[in-house]
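>>> pasting a predicted model and its sequence here:
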Amino acid sequence: MTVDFKIQTRPLMADFGVEILDVNLTTADDETHAEVIRLFHENGAIVLRGQDMTADDLMSFVNQFGEPEDHTQTQFTIPGYPKIFCLSNKVEDGKPIGAHNDGVGWHTDYSYKAEPVMCTMLYAVEVPPEGSDTLLADLCAAYDTLTDERKAELDPLVLHHSYQHLMSSRQFGRMEISDELKATNPDVLHPLIRTHPADGRKALWVSTGTVKGIVGMEDKAAEDLIEDLVGFVTDERFVYRHKWQVGDILVWDNRCTLHTGTLFDDTKFVRLMHRLWVRGDKPY
Ligand code: SIN
């Protein structure tokens, strides 16, 4: 006899994301963990609140999604845990312990790589009482609302993504990069319309930050189209806003979402998040 396995959930949006209720990840059994992963794949994003995770707990959780990915700015990983990256405005012994405002601006993670990360996990260690929300845009829902004519126009377009462009143009944390980082992060091309490998759904996989242009299109026309598309996919009907509490875990699927961090008063408050990535595959 098989028994239906069910954990309580509540939707984040009508057709996107779920909050998983009453699961303690450090004590949950294998069956519960498998269900959490299934819910992630089925819904594109999951939230679990009130977790109390050590670095080892985070590693064992992320391993269930796939192979953890490395981080480009290795100076902000936690000692002994190269796959756990700190996002923070905290300074210890005169040195920043994390990248501050690293995720502000609509983007999808690691899109400057030939195989961008499949998912991103954020764990809230310290959060300001206001600001610093994380916003997720459902790119499949955005694509689904396009007319067939518009889909056909956008379908052949290919985006030029560039790490160097990202680092030289972003609003926060603009920086010169070493020759080694230039060599290990050559420019890449990705489709504008991305197919989700699990279910074949299409996402309007536009982004800012790493996107330098559109192949075969004049710079100004490409810039205008990207701005227009980013404005469209980030319309509030497609966006989930996560308001952080300490102990929250948010995981999203980068193959079908765009996300951004938001600002907070960093003269008054501290934010410390642990970020983990899971390897992905080549977009098509
Ligand atoms: C990110 O873009 O990876 C982080 C977003 C955030 O800090 O809210």
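Cool, got the structure. Numbering: from 1, shown residues only.
>>> so His190 touches Trp205, yeah?
Yes - A contact is recorded between His190 and Trp205 when judged using CB atoms under 8 Å, the distance being 7.1 Å. C-beta: built from backbone N, CA, C; applies to glycine.
>>> need the overlap of contacts for those two.
Listed contacts common to His190 and Trp205 are Pro283; contacts here mean CB atoms under 8 Å, 6 or more residues apart in numbering.
>>> in terms of neighbours, single out the busier of these two.
Neighbour totals were compared for His190 and Trp205, and Trp205 leads with 28 against 22 (other CB atoms under 10 Å).
>>> which residues of the stretch 151-284 of the chain lie near the ligand?
Counting by CB under 6 Å from any ligand atom, the residues of the stretch 151-284 of the chain lying close to the ligand are 259, 261, 273, 275.
>>> what strand or helix carries the last one?
To tie it back to what came earlier, the one meant is Arg275. Assigning secondary structure by DSSP states H and E places Arg275 in strand 272-278.
>>> same check on the first one?
Per DSSP H and E: His259 is located in strand 257-261.
>>> quick one: contacts for Tyr110?
With contacts defined as CB under 8 Å, 6+ apart, Tyr110 is in contact with 69, 116-117, 254, 277, 280.
>>> what's the closest non-adjacent residue to the one residue in the stretch 1-150 of the chain that gets nearest to the ligand?
As assessed by CB to the nearest ligand atom, the ligand sits closest to Gly103 within the stretch 1-150 of the chain, at 2.2 Å. Beyond its immediate neighbours in the sequence, the residue positioned closest to Gly103 (CB to CB, 6 or more residues apart in numbering) is Gly261, lying 3.7 Å away.
>>> dig out what the one you found forms beta bridges with.
Following DSSP bridges, Gly261 is listed with bridge partners Val104, Thr134.
>>> which pLDDT does the model give it?
At Gly261 the predicted local distance difference test score is 97.
>>> so who does it touch?
By CB under 8 Å, 6+ apart, the residues touching Gly261 are 87, 101-104, 132-134.
>>> let's go with 7 Å and repeat that
Taking CB atoms under 7 Å, 6 or more residues apart in numbering, we find Gly261 in contact with 101, 103-104, 132, 134.
>>> one more: Pro197?
Under the criterion of CB under 7 Å, 6+ apart, the contact list for Pro197 reads Asp281.
>>> you'd agree it is in a helix?
No - under DSSP: H, G, I helix; E, B strand; the rest coil, Pro197 sits outside any helix and is assigned coil.
>>> gap between it and Ala34?
For Pro197, the distance to Ala34 (CB to CB, to the nearest Å) stands at 20 Å.
>>> so, low pLDDT: which residues of the chain?
Judged by pLDDT under 70, the chain has its weakly predicted residues at 1-5, 172-173.
>>> domain assignment for it?
Residue ranges for the structural domains of the chain, counted by automatic domain parsing, are given in the record as 9-130+241-278, 138-233.
>>> for the ones you listed, give me JSON lines that also has distance to Tyr284.
As requested, those are arranged in JSON lines below (distance: least, CB to CB, whole Å):
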{"stretch": "domain 9-130+241-278", "distance to Tyr284": "10"}
{"stretch": "domain 138-233", "distance to Tyr284": "6"}
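>>> quick one: the helices in the stretch 51-200 of the chain?
With DSSP state H, counting those that start in this stretch, the ranges of helices along the stretch 51-200 of the chain come out as 55-62, 139-144, 148-154, 163-169, 179-184.
>>> can I get those in TSV including mean neighbour count?
Formatted as TSV, the helices of the stretch 51-200 of the chain follow (neighbours: other CB atoms under 10 Å):
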stretch	mean neighbour count
helix 55-62	17
helix 139-144	22
helix 148-154	12
helix 163-169	18
helix 179-184	10
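>>> need the ones you listed in JSON lines with distance to Thr108, can you?
Listed next are these as JSON lines, based on distance: least, CB to CB, whole Å:
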{"stretch": "helix 55-62", "distance to Thr108": "18"}
{"stretch": "helix 139-144", "distance to Thr108": "8"}
{"stretch": "helix 148-154", "distance to Thr108": "17"}
{"stretch": "helix 163-169", "distance to Thr108": "12"}
{"stretch": "helix 179-184", "distance to Thr108": "20"}
